[in-house]
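J.: A structural model of the following input is requested.
(chains A, B, C and D)
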Number of protein chains: 4
Amino acid sequence: MLVVMKQNASEDEVKTVINYIENNGFRAHVSEGEINTVIGAVGGKSMDKRNLEILDGVQEVIKISSSYKLVSRTFRSEDSVVTVKGKEVIGGKSLCLIAGPCTVESYEQMRDTAAALKQIGVPIILRGGAFKPRTSPYSFQGLGEEGLQILRRVADEFDMLVASEIMEISQLSLFLKYADILQVGARNMQNFNLVRELGTIDKPVILKRGLSATIEEWLMSAEYIMSGGNRNVILCERGIRTYETATRNTLDLSAIPVVKKLSHLPIIVDPSHATGIRNKVAPMARASVAAGADGVMIEVHHCPDKAVCDGPQSLYPDQFASLVSDLGVIAPVVGKEVVKI
Amino acid sequence: MLVVMKQNASEDEVKTVINYIENNGFRAHVSEGEINTVIGAVGGKSMDKRNLEILDGVQEVIKISSSYKLVSRTFRSEDSVVTVKGKEVIGGKSLCLIAGPCTVESYEQMRDTAAALKQIGVPIILRGGAFKPRTSPYSFQGLGEEGLQILRRVADEFDMLVASEIMEISQLSLFLKYADILQVGARNMQNFNLVRELGTIDKPVILKRGLSATIEEWLMSAEYIMSGGNRNVILCERGIRTYETATRNTLDLSAIPVVKKLSHLPIIVDPSHATGIRNKVAPMARASVAAGADGVMIEVHHCPDKAVCDGPQSLYPDQFASLVSDLGVIAPVVGKEVVKI
Amino acid sequence: MLVVMKQNASEDEVKTVINYIENNGFRAHVSEGEINTVIGAVGGKSMDKRNLEILDGVQEVIKISSSYKLVSRTFRSEDSVVTVKGKEVIGGKSLCLIAGPCTVESYEQMRDTAAALKQIGVPIILRGGAFKPRTSPYSFQGLGEEGLQILRRVADEFDMLVASEIMEISQLSLFLKYADILQVGARNMQNFNLVRELGTIDKPVILKRGLSATIEEWLMSAEYIMSGGNRNVILCERGIRTYETATRNTLDLSAIPVVKKLSHLPIIVDPSHATGIRNKVAPMARASVAAGADGVMIEVHHCPDKAVCDGPQSLYPDQFASLVSDLGVIAPVVGKEVVKI
Amino acid sequence: MLVVMKQNASEDEVKTVINYIENNGFRAHVSEGEINTVIGAVGGKSMDKRNLEILDGVQEVIKISSSYKLVSRTFRSEDSVVTVKGKEVIGGKSLCLIAGPCTVESYEQMRDTAAALKQIGVPIILRGGAFKPRTSPYSFQGLGEEGLQILRRVADEFDMLVASEIMEISQLSLFLKYADILQVGARNMQNFNLVRELGTIDKPVILKRGLSATIEEWLMSAEYIMSGGNRNVILCERGIRTYETATRNTLDLSAIPVVKKLSHLPIIVDPSHATGIRNKVAPMARASVAAGADGVMIEVHHCPDKAVCDGPQSLYPDQFASLVSDLGVIAPVVGKEVVKI
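T.: Below is the predicted model of the structure:
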């Protein structure tokens, strides 16, 4: 931490700052500039910078080191690659594609959707919600365990992996049984009890960015998971809340190059929830890959008109096939590829 | 729901819309204007408006009724007053004052703070955190059950009520044992499993507004609690996230008259977390009461310089006493009063 | 400026930074900490900090001094008081009240409104728009010079001062002729040609905060005016744009204590444009004064139902009278008063 | 406009609404639903919806038609293509590339930059600022007319078109003399006097989106230009202000498909100002084209390290060449191409 003193700070004020720093277990290094005296605080554990800011004579206090450690590029300089059952699935050269309906509705729905996805001929991770966070208590809340069972059964029939959203610690044993990849939704990004618990499991976790989370807070939540020992974290940008209402949220694609610089973790994008409407999904998926994302997560339903939930933002299987084909052209520009099965 | 057709919508397009509405269990009322045909959908349960928006010929779809019911002024026109142990505490004529440190650190700290608060001579609800949501996994996470025990013991010694934040369903039995009022933090406002569970208890719940929650979403979360049977909900404005960084968050005091119009629930304000710095707390507390809030929740510490957490935003007891005196002058302007014990 | 080097920065990287600093006319002061080397740059004129940020080995670059000078508390520690014709009008002990319709519509309208305001028996500055910034090219754009003439004539009849909004440099001579106080609207806060020109006149300028302006940018625009020699600047908070749509804008009342700390300039609040609807105006006006504002600017129309513009947010004269009475109770809490004529 | 009455609205309240509508020159069409009576207002010129909202018994008032006309897809269904001197430059099949330094510094600087751009072998519009909007009054404000002269001279030498930013009406004659395309900056998007004036000229105008402008407000400003007779408007997304500070602004690429649906106008993207830092420019430029933009505007300087202004966000010529090559791969995916000279 650096404490910049005011131009006219007195010697006593400087001493008070030094005492405060030393009483908190830090060492103080004073550097007298022509205008401002700057006092560095090093070696200690942690201090609330505002405690220094309110001391007399202090102009500004600057935190130097970021609070996250394990997720940072400084800790690990190469890109992390997430593997499932020994195979690289996210973060490597192959563009990761996650697709499926918003909600698991029935075995038939999942089977028909998975069959349509399988036909495209590229590796796809199957997604579908079994537990649904809904703004209204009167909306459909998901099939629960039955949904996870269906998801697993269909994925096994089509040789796919399963990704699904966990909402609460009490659901963890179910997810360990049925899912390959666990997803934390935007509203739970700062559910610290949940993310801490996910640090203790050995399955990959997709951590969606909170609706109003800064990139730093997002990385701090990933740090919760990594600090527990689970190194398989995938970040997922899904739109932030801004004043603009023309789309449901504002997809922050600049987050991709920002995250790539700060962290070694892979980052994917969910354009379906961000835009909320079908005809914006493909443009934003293409843009995500062009900006350097490691993959995309797209809502696809074999029959969106009959979807119980989020039909209007779900692609038809042939729209998704056409998008995959476009992504195959764009991916090589950023050193990725869409492999064939 | 109202579906406004485009000026040049064809008869077939109108028919498709009517069919969709009727197939979803609604009745369709067509009204042909000179320019736009408008189709009302009534009597059904629920429809995703985007399903109509993407039909050909549709210009706009408008949701008429709000999704919340029990929290609305339509459901109950008089102001709700929350009582604890048979006494009115929030929402009545008496301005509600909640005060105490950010975190419960020790018995001595709570006792000294409570003693200082008691001296002011007005009824105060004692607050203090036992479980702390922290952005970083490396920060102090609270004393847990011991913190709740201390809080209860001190409150009983000084004849005060206890308010504290619950972070997870598994903590519920502890809170039922030790606390009089449970608080849901901003990050948990849309932890739907938690708020649904709080609908089943018979203690009041303070529901803080999420950092990027609209007022409508906030009321929907209150609806989760009320729909479970618990009518004792208190809303708490604590600042929203905006582009301005001069304060930690932007306190949205306009929310007070807005909520008062839409809902019968009492609303209080937490200026300590919103501003994050001591010298902004009193001005914003005064402003809250002048805008019509039913109370304020303020961080007070008997010795802020030694506080483990959030010291820089905590008031000294004498600053709080002076604020209470100011609030006593302002309150009558909005039909409230600061009563003496 | 302080350049914080990365932990593992090489000597060569440190030298490159020093060279860059010195080549730009600054002196470099190196301070080697245990972890980070910190290099201070002093004595020069100006540098884009990003030029340093992109050098190898640099972790962070911190600007120490704020860019505004004349508007800061450091430049002038006492509160500035704006006078017109030798009388203190804004910033002194007397709470400043500015009232009148959104738009000047006719002599009769202004006379009836002014007469109603006069009856309240307190000093009021008369406002009214002659040139109107309208989002749509098809909306009423104001009476122009005729509007200013009416405003002047009516103000003289009732012994009031005139405040009105200037939109463009070419209108300046008209405003110098008819107005006592010039107002710069939110959309023009960063119309730098306009604000620079207003630095050359000797009439007070009310500078509204831009819809998405930070407090620092707002002060920088005030600096444009002051650097031209005009010291009579009044800041006016009028709401910022956030994600919340329940009110037209979000009134940022925290800006009041923030500005009071950073600057000596007086600050008033316009709750009418911020909230956009009548029943929110009085609560937010009361809150503004309770938070320490030097005055309020309120839209009042003798007959809001017939107003050409912004009728729904205009108060009836008796509502305004009642508000003034409430403000008279609140003002003493913050060391102000509502004086009688 | 549609007025939705409350469930329990009385007949008298309905009548009051009808009277209000008819007194304002509209016709009222009443449609009685089972729950809500809905009253349509048609045929009139304009009404402030809030005037209806504050009447008793009114639940909600909905504006049906958008306020812009000439810029909408309804007015013109095919994409507009902007031509200069008889050649299609923006909006056609060829991807539009605008490049050059932030500020015109000297003849040599512009010549060296233009020479480097010319070598790439694709058509490029040369940009450079002669008048600079600067947050601080103490920053460099541009070369003025001399800057425009240099820009023109260099463009002519290399057979390029010239684009530059106009800040004020008084500069118009200079721009008509030297520039091919005029640019309106983000801060001036709602400088209505300026945009109205630009409606009377016969040169294309690039209209940047305001920092906190909604897409609707942006289209309304374009409407100002088109309503004056100038049909050659190009929209330019350049980032909006959000809470995220990791990039200077948040580039809203979703605006591309949104604008394409609402309007026939071409849209380009400026990733340099949005991100503010060099290594984010190319990813976001690629993303813009992948999302369907008609072109990009990029800051390029022959020697960014010596740039007077915005060097850190300027690309080196070879970085730009490499980006152009990438865009050549992506463009065909969205039906565009990067043509060779």
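J.: okay, buried residues for stretch A:177-187 please.
T.: The neighbour-count check on stretch A:177-187 (16 or more other C-beta atoms under 10 Å in any protein chain shown) flags A:178-187 as buried. C-beta here means a position set from N, CA and C on the backbone, and glycine is covered the same way.
J.: same deal with stretch A:194-207?
T.: For stretch A:194-207, a neighbour-count test (16+ other C-beta under 10 Å) marks A:194-199, A:201, A:204-207 as buried.
J.: tell me which of the residues you listed is nearest to chain D?
T.: The closest of the buried residues of stretch A:194-207 to chain D turns out to be A:L207 (C-beta to the nearest C-beta; 16.8 Å).
J.: so that closest one sits in a strand?
T.: Yes. The assignment for A:L207 is a strand, going by DSSP: H, G, I helix; E, B strand; the rest coil.
J.: excluding chain neighbours, what is closest to it?
T.: Of all residues not flanking A:L207 in the chain, A:V184 sits nearest, at 5.1 Å (C-beta to C-beta, 6 or more residues apart in numbering or on different chains).
J.: surely the one you found meets A:P204?
T.: No. Between A:V184 and A:P204 there is no contact, the gap being 11.3 Å when judged by C-beta atoms under 8 Å.
J.: helix, strand, or coil at A:A99?
T.: Quick answer, by three-state DSSP: A:A99 is strand.
J.: what about it, neighbour count?
T.: A count of nearby residues for A:A99, using other C-beta atoms under 10 Å in any protein chain shown, gives 29.
J.: my read is that A:D112 contacts A:C303, right?
T.: Yes. With contacts defined as C-beta under 8 Å, A:D112 counts as touching A:C303 at a distance of 7.5 Å.
J.: between the buried residues of stretch A:177-187, which is closest to chain B?
T.: Distance ranking of the buried residues of stretch A:177-187 against chain B, using C-beta to the nearest C-beta, places A:R187 first at 4.3 Å.
J.: look up the closest residue to the spatially most central residue of chain A, ignoring the ones flanking it.
T.: What sits nearest the mean C-alpha location of chain A, by C-alpha atoms, centre = their mean, is A:L235, with 2.7 Å. What sits nearest to A:L235 in space, not counting adjacent residues and going by C-beta to C-beta, 6+ apart, is A:I267, at 4.4 Å.
J.: helices along the stretch 151-300 of chain A, start to end?
T.: Applying DSSP state H, counting those that start in this stretch to the stretch 151-300 of chain A gives helices spanning A:172-178, A:192-198, A:215-227, A:255-262, A:271-275, A:278-290.
J.: including mean pLDDT and distance to chain C, could those helices go into JSON lines?
T.: Listed next are the helices of the stretch 151-300 of chain A as JSON lines, based on pLDDT from 0 to 100; distance: least, C-beta to the nearest C-beta, whole Å:
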{"stretch": "helix A:172-178", "mean pLDDT": "97", "distance to chain C": "32"}
{"stretch": "helix A:192-198", "mean pLDDT": "94", "distance to chain C": "24"}
{"stretch": "helix A:215-227", "mean pLDDT": "95", "distance to chain C": "13"}
{"stretch": "helix A:255-262", "mean pLDDT": "96", "distance to chain C": "12"}
{"stretch": "helix A:271-275", "mean pLDDT": "92", "distance to chain C": "14"}
{"stretch": "helix A:278-290", "mean pLDDT": "96", "distance to chain C": "19"}
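J.: can you list these in CSV and add distance to C:C102?
T.: Converted to CSV, the helices of the stretch 151-300 of chain A look like this (distance: least, C-beta to C-beta, whole Å):
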stretch, distance to C:C102
helix A:172-178, 58
helix A:192-198, 48
helix A:215-227, 41
helix A:255-262, 41
helix A:271-275, 37
helix A:278-290, 37
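J.: related to what we said a few turns ago, name all residues that make contact with the residue nearest to A:L235.
T.: By C-beta atoms under 8 Å, 6 or more residues apart in numbering or on different chains, the residues touching A:I267 are A:234-237, A:255-256, A:259-260, A:293-294.
J.: low-confidence ranges, chain A, go.
T.: The model of chain A has pLDDT under 70 over residues A:33-35, A:64-66.
J.: was I right about A:M47 contacting A:M1?
T.: Yes. Checked against C-beta under 8 Å, the pair A:M47 and A:M1 is within contact range at 6.5 Å.
J.: so what sits against both of those two?
T.: With C-beta under 8 Å, 6+ apart, A:M47 and A:M1 have common neighbours A:26, A:41.
J.: which ones are touching the nearest residue to A:A293 once chain neighbours are set aside?
T.: Nearest residue to A:A293, sequence neighbours excluded (C-beta to C-beta, 6+ apart): A:V269, at 4.8 Å. Contacts for A:V269 (C-beta under 8 Å, 6+ apart) come out as A:236-238, A:251, A:253, A:256, A:284-285, A:288, A:293, A:295-297.
J.: name whatever forms a beta bridge with A:V269.
T.: When assigned by DSSP bridges, A:V269 has beta-bridge partners A:E237, A:V296.
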